[in-house]
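J.: what would the 3D arrangement of this be:
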Amino acid sequence: MILLEHLTKEYNGVRAVNDLTAEVPDGEIFGLLGPNGSGKSTTILMLVGLIEPTDGRCLINGLDVARNPITVRNRIGYMPEDVGFYPTLTAGENLTYFGQLYGMDAKILTPKIAGLLERVGLDGVTKPVGGYSKGMRQRLGLAKALLNDPSVIILDEPTANLDPQGVADYRRIIREVATSGTTVVVSSHILEEISRVSTSVGILSAGRLVAQGSWRDLASSVGNRSAAHITIRVETLDPMPAFSHPDLISAEYEQDRREAVIVARSDIRDDLAATLSEQGIRLRGLSREGLSLEETFLSYYQVAG
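T.: Residues are numbered from 1 along each chain as shown. Purely as a prediction, here's the structure:
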């Protein structure tokens, strides 16, 4: 489990991260989402013990990261945005070196490396890493993050250089390790990627955590807080009557009055369904349109601003 308590980092009096408090349970894939300059990278660097917080603390499985940086680094997997390896060594040789730094036994290390390289799609590649594309180095970075069987994996912009197949492989691997109980933190400014892989999300704005939860929870919160109008889509097998309701704002009918888009001041779906039933109109579908990912994301920035 990851616990952030009032985490703060100042640079020359400016707070890059401002009083951030969050909890990430075991087995969660937590997406840290925000534009450049929102504090994501600073938060990640404090999480992995590469910089110390000005105030507050990070706990990983009960260990204070700032007080136990070496112990924590040996127990977590980390892939930075710019993955670095020894260019004259092969993928296997690089992983062997890092495995030795972890103190891993050679008898265990050799088959483990072979399995990891196959898992990330680099098995059979024998050329030195200096000849790798950015996407290949990204794949190797993911293998390195998994090398020591970490209980927590922290990934900074993990899909930035991957092709579509690499992205698909990454998503599959992350879901597999989370299923086994590993906690995963993914930091990115790519909204689509965070939404596809994460089970919960934290939205950063100017160093502050302005929202945390599942996308469904966040969208529901936005809708309850700020939506003045509700859009309802109705589909029937028979022509619809003209709806009448005190909260009705507008109604547009299509397909010979078998489809309608209703805009209302409140959620009047129950009343619409009752009206159709009373008049013997067969209902095919009745749904409230939710906020898109973009609308959800932007709404929190508008509130924070």
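
J.: so which strand or helix has G99?
T.: Taking DSSP states H and E as the definition, one finds G99 inside helix 91-101.

J.: that should have said G135, apologies.
T.: helix 134-146.

J.: which strands and helices sit next to that helix?
T.: Applying 3 or more Cβ pairs under 8 Å, 6 or more residues apart in numbering; DSSP states H and E, one finds that helix 134-146 makes contact with strand 76-79, helix 91-101, helix 106-119, strand 152-156, helix 164-179. The way it works is simple: take the backbone N, C-alpha and C, and place the C-beta from them, glycine included.

J.: elements contacting the last one?
T.: Helix 164-179 sits against strand 29-33, helix 134-146, strand 152-156, strand 183-188, helix 191-197, with contacts defined as 3+ Cβ pairs under 8 Å, 6+ apart.

J.: okay, buried residues for it please.
T.: Using 16 or more other Cβ atoms under 10 Å as the test for burial, helix 164-179 gives G166, V167, D169, Y170, R171, I173, I174, V177, A178.

J.: just those now: which is nearest L276?
T.: The shortest approach to L276 among the buried residues of helix 164-179 belongs to R171, at 41.3 Å (Cβ to Cβ).

J.: for G31, see how far away that closest one is.
T.: 12 Å (Cβ to Cβ, to the nearest Å).

J.: shared neighbours of these two, anything?
T.: By Cβ atoms under 8 Å, 6 or more residues apart in numbering, R171 and G31 have these common neighbours: V197.

J.: about what we covered before: in TSV, list the helices and strands packed on helix 164-179 along with distance to V234 and mean neighbour count.
T.: Output for those, formatted as TSV (distance: least, Cβ to Cβ, whole Å; neighbours: other Cβ atoms under 10 Å):
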stretch	distance to V234	mean neighbour count
strand 29-33	34	25
helix 134-146	46	22
strand 152-156	43	24
strand 183-188	38	24
helix 191-197	28	18
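
J.: and those: which comes nearest I203?
T.: strand 29-33 (5.3 Å).

J.: quick check, distance from the closest one to the centre of its chain.
T.: Taking Cα atoms, centre = their mean, to the nearest Å, one finds strand 29-33 lying 3 Å from the centre of the chain it belongs to.

J.: by contact count, what packs against that strand?
T.: helix 40-47, helix 164-179, strand 183-188, helix 191-197, strand 200-205.

J.: name the strands paired with it and say parallel or antiparallel.
T.: Here strand 29-33 has these sheet partners by DSSP bridges: strand 183-188 (parallel), strand 200-205 (parallel).

J.: tell me which of the ones you listed sits nearest to D270.
T.: Of all the strands paired with strand 29-33, strand 200-205 sits nearest to D270, with 30.8 Å by Cβ to Cβ.

J.: so where's the stretch 1-150 of the chain uncertain?
T.: The stretch 1-150 of the chain contains no residues with pLDDT under 70.

J.: tell me the domain ranges of this protein?
T.: Following automatic domain parsing, the chain resolves into domains at 2-213, 227-291.

J.: circling back: any chance of CSV for the helices and strands packed on strand 29-33, columns distance to D247?
T.: Converted to CSV, these look like this (distance: least, Cβ to Cβ, whole Å):
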stretch, distance to D247
helix 40-47, 41
helix 164-179, 42
strand 183-188, 40
helix 191-197, 32
strand 200-205, 31
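
J.: lowest-confidence stretch among the ones you listed?
T.: Ranked by mean pLDDT, the helices and strands packed on strand 29-33 end with helix 191-197 at the bottom, a mean of 82.

J.: that one - contacts with which helices or strands?
T.: strand 29-33, helix 164-179, strand 183-188, helix 293-304.

J.: re earlier: looking at the domains of the chain, which is buried most?
T.: domain 2-213 (a mean of 18; mean count of other Cβ atoms under 10 Å).

J.: now the end-to-end length of it.
T.: Its start and end residues considered, domain 2-213 measures 15 Å (Cα to Cα, to the nearest Å).

J.: done for today, thanks.
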